[in-house]
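*Asks:* Sequence and predicted structure below; questions after.
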Amino acid sequence: MMDRENKYWMQNLLTATAIVIISGLLLYGYFWGQSLALYFLVMIFLGILILRYPQVGLFLVFVCTMWFERYFTLEPLQIGDKLYKIYSLDFIIGFIFLGFIFFLLRGKKIKVKLLKFDWLILIFVGLVSLNFVYSLFTSNDPALAFGTYKNYALYGIVYFFCVLLLQNKEDWKNLMLWLSIGGVGLFFFLTYGLINGAGLWSEYTPLSTLGSRLIAGPHAFYLVIFSFWALANYLWSDNLKIDKVIFKKILFWILLICAFGIIVSLVRHLWLALAVIVVLWFVYLKKEQSGELLQIFKKTAITLFFIFIIGFWLSNLFSLDMFNTQKITSILSQRINVNSVITLQDSSFRWRLATWTEGFRTWSRQPILGTGLGYVVSGYDDVYYFEIAMRELHNNYLGLLFQLGIFIFGFVVYWFGHMIKQIHQLALTIFNSTDLTIKKLFFTWSNVFILFIIIFAGSVYWDINYFIIWWWLALAGLRFVLVESKEI
């Protein structure tokens, strides 16, 4: 037991050290530009840590992605005047992979039995690999094709890292500890947005309607994931080492802040997905947890009402634009307004519809193999010309269908259908069990899975590495729950 405690203590100490060091590197690059010497010095140091403790790299990947999003995952390496699309995220993933190699060279073995769960992922990666090879014999952009292949398939290695490195409940608890630290760190970005009037890096996802995001879309997405875990701890908070009432009060305020952040992010597809997920909670959760959810919603509504009243009073007293209720109401009404979408007055949806239509026309000429990865579609939105990669159609299902063809897309439908069936069966078993850790992990990662299934239909989450790595983590979490549920 003492050896295990020492192991986690050392892992966490090194993880904290690694996060501080790479945060310093990323902040230096953000404010003063990339220093090649400093960059490689930090990467060598991190490589040494991760080769000894691969889990450090795994925790580092998710925490730094939550905080720095594109500056950790999409900032290219600059050597001289040339930019190379290899990112800090890729270096860390490479170090984790090398850590496995050294682990095996030391004569140690990792016992993992491949399940149907794993085979479906391996088959998908294999099919996408074949399509990538096919793409190289077309006139498609090879660099764009490889970038797409990397996001669709190669980042799937994160799933296998999680399966191999997180093999027991203590490992998963340790990961969730670091995700909790990352989630609380997101409150800084929300505070910045409230003070500044616009979220840090929110300019990368501008609105098609009035207003500004007070927190960037990716940060809001991570807030949603963090809120799932916080809510799971609220609903199943027994066997705590601290006072249960105090713990629940802390979690309530955390959930309230998360809810506020998600609202002011103005990300409509997250709102829609959460509305569907809330309905599913009341379908699958036991009566006790459903009752607690209702209490949370009532408390939240009352708290937000008083915040609104105080904000209205401050707005009139000090003429503070941040509390301008008329402006806030106008912004929210425009984001919620479905009529603007239906009548194509919303420029964002009108553009998407035009790209989907042109993508379908292109795909219909070769529906079996698809266009291949790296295809660029062009056309007109009303009178405006557009040229966009097929993968960026703001609908991952259409992107998969048009690029990979009908047979591979059919496999994806089967894969997702099998996953949904598994989650349904697990819900019936796990919510009736007494294992609180498995309940919380299942609740968190099943919700993340459903979140992805919904938002794949309205955005490009599979095409951006700082989103898709969470898909693979969610699948690894569900796999762990599936294995553990057989012992329940």
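*Replies:* Yep, it's here.
*Asks:* could you point out which element follows the lowest-mean-pLDDT helix or strand in the chain?
*Replies:* When the helices and strands of the chain are scored by mean pLDDT, DSSP states H and E, helix 339-342 comes last with a mean of 50. For helix 339-342, the succeeding helix or strand toward the C-terminus, using DSSP states H and E, is helix 347-364.
*Asks:* Which of the residues in that next one are classified as buried?
*Replies:* 349-352, 354-356, 358-359, 362-363 (16 or more other Cβ atoms under 10 Å). Yep, even glycine has a C-beta here, placed from its N, CA and C like the rest.
*Asks:* Check stretch 43-63 too.
*Replies:* 43, 46-47, 49-51, 53-63.
*Asks:* In helices only, show me these.
*Replies:* 43, 46-47, 49-51, 54-63 (DSSP state H).
*Asks:* Could you single out the nearest of these to residue 274?
*Replies:* The nearest member of those to residue 274, counting by Cβ to Cβ, is residue 62 at 21.0 Å.
*Asks:* From residue 264, how far out is the closest one?
*Replies:* 24 Å (Cβ to Cβ, to the nearest Å).
*Asks:* Please apply the same query to residue 152.
*Replies:* Residue 152 is 32 Å from residue 264, by Cβ to Cβ.
*Asks:* do residue 257 as well
*Replies:* Counting by Cβ to Cβ, the gap from residue 257 to residue 264 is 11 Å.
*Asks:* any common contacting residues for those two?
*Replies:* residue 190 (Cβ atoms under 8 Å, 6 or more residues apart in numbering).
*Asks:* Let me see the contact set for residue 395.
*Replies:* Residue 395 touches 352, 356, 456-459, counting by Cβ under 8 Å, 6+ apart.
*Asks:* so where's the stretch 1-150 of the chain uncertain?
*Replies:* 1-3, 107 (pLDDT under 70).
*Asks:* what about 90?
*Replies:* Across the stretch 1-150 of the chain, the ranges flagged by pLDDT under 90 are 1-8, 33-34, 52, 78-85, 99-114.
*Asks:* Could you list the buried residues of the helix or strand harbouring residue 6?
*Replies:* Of the helices and strands defined by DSSP H and E, residue 6 is found in helix 2-32. Within helix 2-32, the residues scored as buried using 16+ other Cβ under 10 Å are 11-12, 14-15, 18-19, 21-23, 25-26, 29.
*Asks:* Residue 152 and residue 264: which is more packed in?
*Replies:* residue 152 (26 against 21; other Cβ atoms under 10 Å).
*Asks:* Run a quick neighbour tally on the residue nearest to that one when sequence neighbours are not counted.
*Replies:* Residue nearest to residue 152 in three dimensions, not counting chain neighbours: residue 128, with 5.0 Å by Cβ to Cβ, 6 or more residues apart in numbering. Neighbours of residue 128 under the rule other Cβ under 10 Å: 21.
*Asks:* for the helix or strand hosting residue 128, which positions count as buried?
*Replies:* Take DSSP H and E as the rule and residue 128 turns out to sit in helix 116-135. Within helix 116-135, the residues scored as buried using 16+ other Cβ under 10 Å are 117-118, 120-121, 124-125, 127-128, 131-132, 134-135.
*Asks:* do stretch 140-152 as well
*Replies:* Quick answer for stretch 140-152 (16+ other Cβ under 10 Å): 140-141, 144-152.
*Asks:* what residues are up against the residue nearest to residue 152?
*Replies:* Residue 128 touches 149, 152-153, 373, 404, 408, counting by Cβ under 8 Å, 6+ apart.
*Asks:* can those residues go into TSV with extra columns for secondary structure?
*Replies:* Below are the contacts of residue 128 laid out as TSV (DSSP: H, G, I helix; E, B strand; the rest coil):
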residue	secondary structure
149	helix
152	helix
153	coil
373	coil
404	helix
408	helix
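*Asks:* Between those residues, which sits nearest residue 108?
*Replies:* For those, the nearest to residue 108 is residue 153 (27.8 Å; Cβ to Cβ).
*Asks:* burial of that closest one, as a residue count?
*Replies:* Close neighbours of residue 153, defined as other Cβ under 10 Å, add up to 19.
*Asks:* now residue 181
*Replies:* Neighbour count of residue 181, defined by other Cβ under 10 Å: 18.
*Asks:* Model confidence for residue 375, exactly?
*Replies:* At residue 375, the model reports a pLDDT of 93.
*Asks:* Distance check, it against residue 124.
*Replies:* Taking Cβ to Cβ, one finds residue 375 at 20 Å from residue 124.
*Asks:* How about residue 227?
*Replies:* 29 Å.
*Asks:* now do residue 199
*Replies:* 34 Å.
*Asks:* again, but for residue 172
*Replies:* Distance, residue 172 to residue 124, using Cβ to Cβ: 24 Å.
*Asks:* Kindly report the same for residue 213.
*Replies:* Counting by Cβ to Cβ, the separation of residue 213 from residue 124 is 33 Å.
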